[in-house]
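Chemist: 3D, please:
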Amino acid sequence: MRKLNLILFASILSVNVMFAQTQLEPVNAATKLLNSNERLTIGGYGQIDYNQSFDNSIRSNGKLDVHRLVMLFAYQFNDRVDFVTELEFEHVKEVYVEQAFIRYKLNDFMALRAGLILIPMGIINEYHEPTTFNGVERPSVANKIVPTTWREVGAGFSGKFPDIGLKYQAYLVNGLISYNGDAKISGDGIRGGRQKGAESIISSPNLSMKLDYFGLSHLKIGLAGYFGKTQSTMFDGLDKNNNQLMMQADSSVVGMSMLGLDLQYNYDGFSFRGAFISGALNNTIEYNAFTGSNAGSAFYGYYLEAAYDIFANAVNNQNSLTIFLRWENFNTQSRVEGPMLVDDKYAVKEIITGLGYQIADGVVLKSDIRFYKNKSQNKYSKQFNAGVAVWF
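Modeler: Residues are numbered from 1 along each chain as shown. Reported below is the predicted structural model:
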């Protein structure tokens with residue numbers, strides 16, 4: 001048995017060494033800028049979308065939208081200190097800061113990050129540039145379950161060990177806000193609780209962390225966790241000796257934990273990716289009674305996607321034509337506590353299929369058809385999408 005274990009260990013080790021040159025380590029806009037050797041680096045991405053719902057009996061107007069236009073800037077102060085910021089215009093009229101952090105390289109394997117930081121959960125929240133994912137719109141799981149783009153203010157450490165293909169991140173951040181006079185967490189999920197670094201409040205810090213393994217050929221596996229409590233304005237100026245007010249404030253907060261597993265595989269024109277996210281909320285009976293909300297005590301979501309680049313093996317071809325199929329299943333209220341009943345409208349299934357034509361490095365023309373329905377519906381609704389995606 002011991003001999004068999006040694007043979008197995010040696011086999012795994014040899015596979016790691018053999019595939020070291022084909023590690024799959026995805027790059028996002030911030031990483032791309034930080035890897036530049038220039039003192040000042042400028043980048044950007046954007047997408048313009050057309051969405052058209054259609055039904056045999058109901059007519060619907062199509063929607064044309066400059067969905068997002070983002071400018072990125074990175075500045076290198078010296079060999080160890082950088083700054084990255086991401087400024088986003090959504091729907092032409094809304095302005096957000098999506099990232100704004102310093103990176104202080106402590107050594108070759110560790111760096112301090114502090115500022116407005118992306119929460120490392122799933123795939124899309126960190127890698128949300130529109131040319132990096134299939135389909136005109138981001139996966140719904142990366143909207144309803146992971147509230148992309150999810151970013152909060154905090155600090156922590158990140159780094160990687162390239163020889164073994166391991167990357168790590170761990171941050172302390174402010175949590176989602178659950179109450180500021182109105183309930184922010186509901187049966188629709190946690191998306192309404194994002195503070196986005198805009199005059200954020202903190203009553204207790206939250207922990208966000210992730211490990212990514214890319215030591216095997218063409219494969220990356222991620223495991224993420226998020227733990228803490230939501231934040232509430234009711235704690236501000238609260239008399240700690242007033243038990244009644246303390247109990248009210250406690251009722252405006254929910255405990256929160258999330259686990260995420262994601263996988264990406266690319267080889268010879270074929271690609272596969274998937275993500276599974278599961279979350280739990282506690283104290284929801286007291287929270288719903290106090291706020292009048294309908295927050296569930298658990299939520300989950302997953303998607304599986306397969307794609308193939310038709311031009312992958314074409315000679316002297318610089319473009320790509322990718323066809324894909326994605327299956328999604330998510331529920332923002334999969335379990336409830338107390339007298340409230342589970343609402344089937346929050347349990348949703350989707351099928352998305354389409355193609356993307358890369359006409360230049362960083363420019364993709366996209367189209368797809370989306371079929372979706374919740375558990376209370378008998379048939380799928382349909383939507384056609386088309387768009388332009390750029391990243392430079």
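Chemist: can you tell me the closest non-neighbouring residue to V81?
Modeler: In space, and not counting its chain neighbours, V81 is closest to Y104: 5.4 Å by Cβ to Cβ, 6 or more residues apart in numbering. No exception for glycine: its C-beta is placed from N, CA and C like everyone else's.
Chemist: hey, what's the one you found bridged with?
Modeler: Applying DSSP bridges to Y104 yields these beta-bridge partners: V81, L112.
Chemist: contacts only, for it.
Modeler: When contacts are counted by Cβ atoms under 8 Å, 6 or more residues apart in numbering, Y104 touches 80-81, 111-114.
Chemist: kindly indicate which of those residues lies nearest A280.
Modeler: Distances from A280 to those, taken as Cβ to Cβ, are shortest for R113 (27.1 Å).
Chemist: quick one: buried residues of the helix or strand hosting F101?
Modeler: Secondary structure here is read from DSSP states H and E; on that basis F101 sits in strand 94-107. Of the residues in strand 94-107, those buried by neighbour count under the rule 16 or more other Cβ atoms under 10 Å are 96, 98-103, 105.
Chemist: just put the residues you listed in a markdown table and tack on distance to S203.
Modeler: Below are the buried residues of strand 94-107 laid out as a markdown table (distance: Cβ to Cβ, whole Å):
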| residue | distance to S203 |
| --- | --- |
| Y96 | 24 |
| E98 | 24 |
| Q99 | 24 |
| A100 | 23 |
| F101 | 22 |
| I102 | 25 |
| R103 | 28 |
| K105 | 32 |
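Chemist: one step back: just among the contacts of Y104, which is most surrounded?
Modeler: Highest neighbour count within those, by other Cβ atoms under 10 Å: R113, with 22 neighbours.
Chemist: you'd agree that residue is up against L106?
Modeler: No - in terms of Cβ atoms under 8 Å, R113 does not count as a neighbour of L106; the distance is 10.9 Å.
Chemist: what about the stretch 51-200 of the chain, any weak spots by pLDDT?
Modeler: For the stretch 51-200 of the chain, not a single residue meets the criterion pLDDT under 70.
Chemist: could I get the full set of helices for it?
Modeler: 141-144 (DSSP state H, counting those that start in this stretch).
Chemist: please enumerate the strands of it.
Modeler: Ranges of strands within the stretch 51-200 of the chain are 63-76, 81-90, 94-107, 110-118, 151-161, 166-174, 177-179, based on DSSP state E, counting those that start in this stretch.
Chemist: please identify the deepest-packed of those strands.
Modeler: With neighbours taken as mean count of other Cβ atoms under 10 Å, the strands of the stretch 51-200 of the chain reach their highest mean count in strand 177-179, at a mean of 25.
Chemist: list of residues touching whichever helix or strand comes after it?
Modeler: Proceeding C-terminally, strand 177-179 gives way to strand 205-213 as the next helix or strand, assigned by DSSP H and E. Surrounding strand 205-213, the residues in contact under the criterion Cβ under 8 Å, 6+ apart are 119-121, 152, 154, 156, 165-175, 220-229, 256, 260.
Chemist: any buried residues in strand 205-213, and which?
Modeler: Judged by neighbour count (16+ other Cβ under 10 Å), strand 205-213 contains these buried residues: 206-210, 212.
Chemist: what lines up beside that strand in the sheet?
Modeler: strand 166-174 (antiparallel), strand 219-229 (antiparallel).
Chemist: now distance to S297 too, for those, in a markdown table please.
Modeler: Compiled in a markdown table, those are given as follows (distance: least, Cβ to Cβ, whole Å):
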| stretch | distance to S297 |
| --- | --- |
| strand 166-174 | 23 |
| strand 219-229 | 15 |
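Chemist: and stretch 205-215, how far out from the chain middle?
Modeler: Using Cα atoms, centre = their mean, to the nearest Å, the distance from the centre of stretch 205-215 to the centre of the chain it belongs to is 13 Å.
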